[in-house]
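Novice: Fold the following and give me the result.
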Amino acid sequence: MIRINAALGINESEIEESFVRASGPGGQNVNKVSSAVQLRFDARGSPSLPEDVRMRLMRLAGSRLTRDGVLIINAQRHRTQARNRAEALERLVELIRRAAVAPRPRRPTKPTKAARERRIEAKKRRSSLKVSRRTSPHYD
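Specialist: Numbering: from 1, shown residues only. Down below sits the predicted model:
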């Protein structure tokens, strides 16, 4: 069980990892060792996630989410497979942790009476300035 927070955790069996060769520099090892990690987590079908967390996670994932609702995280920053695995898992946990925090509901507010009066006064000043720029036609 991977703990996300005090109330939330996901099972290790829900995570699928595959290892591929990393791109970029790495010397002779880069062509021999599959050190990059591609972590897959089925966000849509996960029984561990409550519905509200699932929806927020899918929104946060953005382009990392496939049409089937599978979240894909690629990690290839480090030279070793173990460090890349740890980083990919850490990024998944952090993403779910962010999704687990419910946003505060917005309370609609109204402008104060003084603010409305200031706005109307500013509009009147601007209007009178524009009126003063007009030239009246001269009929001779």
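
Novice: Just the pLDDT at the residue nearest the centre of the chain, thanks.
Specialist: Averaging the C-alpha coordinates of the chain gives a centre point, and the residue nearest to it by Cα atoms, centre = their mean is L60 (3.6 Å). Per-residue confidence at L60 stands at 84 (pLDDT).

Novice: Distance from the chain centre to the helix-or-strand element of the chain with minimal mean pLDDT, please.
Specialist: Sorted by mean pLDDT, DSSP states H and E, the helices and strands of the chain end with strand 2-3, the least confident at a mean of 74. Here the centre of mass of C-alpha atoms in strand 2-3, compared against the chain's by Cα atoms, centre = their mean, to the nearest Å, lies 21 Å away.

Novice: Give the other helices and strands that that strand contacts.
Specialist: Identification of packing neighbours for strand 2-3 by 3 or more Cβ pairs under 8 Å, 6 or more residues apart in numbering; DSSP states H and E yields strand 9-10. Bear in mind the C-beta positions are built from the backbone N, C-alpha and C, glycine included.
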